[in-house]
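J.: Sequence first, predicted model second:
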Amino acid sequence: MDFFDVVHARYSHKEHFLPDAVPLADLEKIAHAGLAAPNGANRQLVRLVILPDRAAIDPAAAIINHGGFNTAPAAIAILTTDDSPAEHISFEKEDYSAALENMLLAATAMGYAALWLDYPWIDAQNQRCVKEALGIPENYRLWATMPIGKPDGPGSRRQKMPPEARIFYRQYGAKG
């Protein structure tokens, strides 16, 4: 699939997945795409936990109720830690975001549906519970999980505004 076709085909799959396993080699390829993303000051803060099957996902899925996460045959957890001195700028959010977007695009290019699932892990109790369930060290933050699989149906897609409403030339509001 052409890169631009992949970009436009990617969507957030929030519905159920088919139970078909995702081969570990595919999950590793997706993870490697995430680690190839740019990162601030080459600090390489992102760590990934591949959850290759329901047995690995279920302890985290038990903490929340989300249809896609509760039916995905595989997932990847995205973590960072930043133990740099206080005078250094932290790039955790930017780094995890770039890695996750690369993985979403890679999954789409490989024929999978996926989701950037972060809202459940904002809650401190959920964060604590899932870190314990997945053996994530205390000094790491779980930013998101990415359920991956073949969709059980077409999946809903939100309407995007037309580019003409969001692209301007020379100054805000000016058309080309």
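T.: Noted; the coordinates are in hand. Numbers count the residues shown, from 1 in each chain.

J.: beta partners of Leu51?
T.: Taking DSSP bridges as the rule, Leu51 bridges to Ala75.

J.: is it true that it touches Ile76?
T.: Yes. Leu51 lies in contact with Ile76 (CB atoms under 8 Å); the separation is 6.7 Å. Any C-beta I mention is one placed from the backbone N, CA and C, and that applies to glycine too.

J.: How far off centre is the helix or strand where Leu100 lies?
T.: According to DSSP states H and E, Leu100 maps onto helix 92-109. Mean C-alpha position of helix 92-109 versus that of the full chain (CA atoms, centre = their mean, to the nearest Å) differs by 6 Å.

J.: Please tell me how far the helix or strand following that helix is from the chain's geometric centre.
T.: In the C-terminal direction, the helix or strand that comes right after helix 92-109 (DSSP H and E) is strand 113-114. Remark: strand 113-114 is offset 9 Å from the chain centroid, using CA atoms, centre = their mean.

J.: Next: stretch 157-176.
T.: Distance, centroid of stretch 157-176 to centroid of chain: 26 Å (CA atoms, centre = their mean).

J.: same check, this time on stretch 88-100
T.: Offset of stretch 88-100 from its chain centre (CA atoms, centre = their mean): 13 Å.
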